[in-house]
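>>> I would like the atomic coordinates for the input below:
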Amino acid sequence: MKPDLRILCFSLYLLAQFITSFSIMDPIDFLALQSIRKSLEDMPGSNYFSSWDFTSDPCNFAGVYCENEKVIALNLGDPRAGAPGLSGRLHPAIGKLSFLVEFTVVPGRIMGALPGTLSQLKSLKFLAVSRNFISHEIPATLGELRELRTLDLSYNQLTGTIPWALGGLPSLTNVILCHNHLTGSLPRFDSQMLTRLDVKHNDLSGSIGSDGLPSSLQYLSLSWNRFSGPVDYLLPRLNRLNYLDLSLNQFTGSIPGCIFGFPITNLQLERNQFTGPVLPFGSVSIQTLDLSHNMLYGEVSPLFATVQNLYLNNNRFTGSVPTVFVDRLMAGNIRLLYLQHNFLTGMPINSRDEIPLSSSLCLQYNCMVPPVQTPCPINAGTMKTRPTSQCMEWKG
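Model (predicted):
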């Protein structure tokens, strides 16, 4: 064999070895990443895109994960807490990454709408674009992502309604849409794997049907909206809840006693229009319970004495506070007991007793002279007792 031919053969051999050892990204994914890069920039202090050199293998880029020459995960931005994010817009070319399973964006200043092409990502399971400036409506076509499990679009500027098609997705486990400007009613969620639903701080309204939420829920936050109607048929079904926040809405009707026996550590029902007596079933293991600013009445249940932080203020409770509250308060087992602005007639505590410094008690504006003087929140006012005329008129 001639020398030139041997050199050519050896060169071809080396090229073949190079090709087989170097992962070549699918051309469609390669071009999609180029478009995505052109539409985004590092914010000051961020160097996330410093590794995005398209003369090298894109599978080695920061935040890009590949399998069989296809992008399967794209995490845009430095994931370290407090790191500067990205600015710009999300390019529709994201929809070309047809094998994408996970797509996340760190907090930053990305603006504009979510690309409608996201609906083309039929394998997508995890979609999280939170704490940016995403606006416009949630694309209804996201309801075509049948594999989607986690949807986090929180802390943006989204408007419009929550697409009803989202509620029909069969594999959803987490839906986090809090701190946006969403309106309309809450869709019915069918997924029996849904464990977390957080839509607080929006402008949602309407009632929630007794079967509108799956019994699989463990975390539910609907606070700071305009939801209305009763929940006495809905809540008993949600017996796996360990966190429930319905505060600052317009819910009406009674509070079902069974929910106080759920494995809930934090129960927030304040500032609604709940009415009726509050009668827990069995022992209560809640650490923080807030029923304030409602229209609840009747006597205070002694079963609530196990709660560490108890807010019953601004209701219509009557009668004397059970002795067990005094015992636990003096032992330091109750950290906060707010009973102000009710129609309570007494509390069996000795005026000479000293409440532990770790505990707080407020009894202002009831149908009694507070037996002990304790600091109260500023919004409790300065009047120690309720006018006698009001106490005579209110019969509970």
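>>> where does this structure dip in pLDDT?
Counting by pLDDT under 70, the low-confidence segments of the chain come to 1-23, 394-396.
>>> Going by residue numbers, what spans are helices in it?
Secondary structure of the chain (DSSP state H): helices at 3-21, 27-38, 164-167, 323-330, 388-393.
>>> So which residue is smack in the middle of this structure?
D198 (3.4 Å; Cα atoms, centre = their mean).
>>> What distance do you get for it to L222?
9 Å (Cβ to Cβ, to the nearest Å). (Glycine included, C-beta is placed from N, CA and C.)
>>> what's the answer for P79, then?
30 Å.
>>> Please say which of the two ends up with more neighbours.
L222 (25 against 12; other Cβ atoms under 10 Å).
>>> who are the neighbours in contact with the residue nearest to that one when sequence neighbours are not counted?
Of all residues not flanking L222 in the chain, L246 sits nearest, at 5.4 Å (Cβ to Cβ, 6 or more residues apart in numbering). Residues near L246 by Cβ atoms under 8 Å, 6 or more residues apart in numbering: 220, 222-223, 227, 231, 268-269, 272.
>>> any idea which strand is longest in the protein?
In the chain, with assignment by DSSP state E, the single longest strand is strand 70-76.
>>> Could you list the paired strands of it along with their orientation?
Using DSSP bridges, the strands paired with strand 70-76 are strand 64-67 (antiparallel), strand 102-105 (parallel).
>>> Could the C-alpha coordinates of it be exported in PDB?
Provided in PDB are the C-alpha atoms of strand 70-76 (Å, rounded to 0.1, in the frame of the first residue of the first chain):
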ATOM      1  CA  LYS A  70     -32.200  13.900  22.400                       C
ATOM      2  CA  VAL A  71     -32.700  16.600  25.100                       C
ATOM      3  CA  ILE A  72     -34.800  15.100  27.900                       C
ATOM      4  CA  ALA A  73     -34.400  17.800  30.500                       C
ATOM      5  CA  LEU A  74     -33.900  21.500  30.200                       C
ATOM      6  CA  ASN A  75     -33.300  23.600  33.300                       C
ATOM      7  CA  LEU A  76     -32.800  27.200  32.300                       C
END
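>>> distance between that strand and the chain's centre?
With Cα atoms, centre = their mean, to the nearest Å as the basis, strand 70-76 stands 25 Å off its chain's centre.
>>> Now do the contacts for F325.
If you count contacts by Cβ under 8 Å, 6+ apart, then F325 has 300, 302, 304-305, 334, 337, 347 around it.
>>> and it, how far is that from G143?
50 Å.
>>> Farthest pair within the contacts of F325?
F304 and M347 (14.0 Å; Cβ to Cβ).
>>> Could you count how many residues lie near D53?
Neighbours around D53, by other Cβ under 10 Å: 11.
>>> Equivalent analysis for F317, please.
The burial count for F317: 24, using other Cβ under 10 Å.
>>> could you list every residue that touches it?
296-300, 339, 342-344.
>>> For the closest residue to it other than its chain neighbours, which residues are in contact?
Using Cβ to Cβ, 6+ apart and skipping residues adjacent in sequence, the residue nearest F317 is N342, 4.3 Å away. Going by Cβ under 8 Å, 6+ apart, N342 touches 312-318, 365-366.
>>> Could you report the distance from N342 to S50?
Taking Cβ to Cβ, one finds N342 at 62 Å from S50.
>>> again, but for P214
Taking Cβ to Cβ, one finds P214 at 44 Å from S50.
>>> Repeat that for T318.
68 Å.
>>> So which of these two has more stuff around it?
Between T318 and S50, counting by other Cβ under 10 Å, T318 is the more crowded of the two (19 against 10).
>>> Please tell me I have it right and that one contacts L312.
No: counting by Cβ atoms under 8 Å, T318 does not reach L312; the two are 11.8 Å apart.
>>> Tabulate the contacts of F325 in JSON lines, adding columns for neighbour count and distance to S135.
Output for the contacts of F325, formatted as JSON lines (neighbours: other Cβ atoms under 10 Å; distance: Cβ to Cβ, whole Å):
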{"residue": "V300", "neighbour count": "23", "distance to S135": "47"}
{"residue": "P302", "neighbour count": "13", "distance to S135": "51"}
{"residue": "F304", "neighbour count": "21", "distance to S135": "44"}
{"residue": "A305", "neighbour count": "21", "distance to S135": "48"}
{"residue": "I334", "neighbour count": "26", "distance to S135": "46"}
{"residue": "L337", "neighbour count": "27", "distance to S135": "44"}
{"residue": "M347", "neighbour count": "22", "distance to S135": "52"}
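>>> Give me the subset of those lying in strands.
Reading strands off these with DSSP E, I get L337.
>>> which one of the contacts of F325 is nearest A62?
I334 (50.7 Å).
>>> Contacts only, for that closest one.
Per Cβ under 8 Å, 6+ apart, neighbours of I334: 305, 307-308, 310, 325, 328, 359.
>>> so how far is P356 from it?
Counting by Cβ to Cβ, the gap from I334 to P356 is 9 Å.
>>> How about K125, nearest residue that isn't a chain neighbour?
R149 (4.8 Å).
>>> Correction: the previous question concerned I110.
Nearest to I110 is N132, by Cβ to Cβ, 6+ apart, at 4.3 Å.
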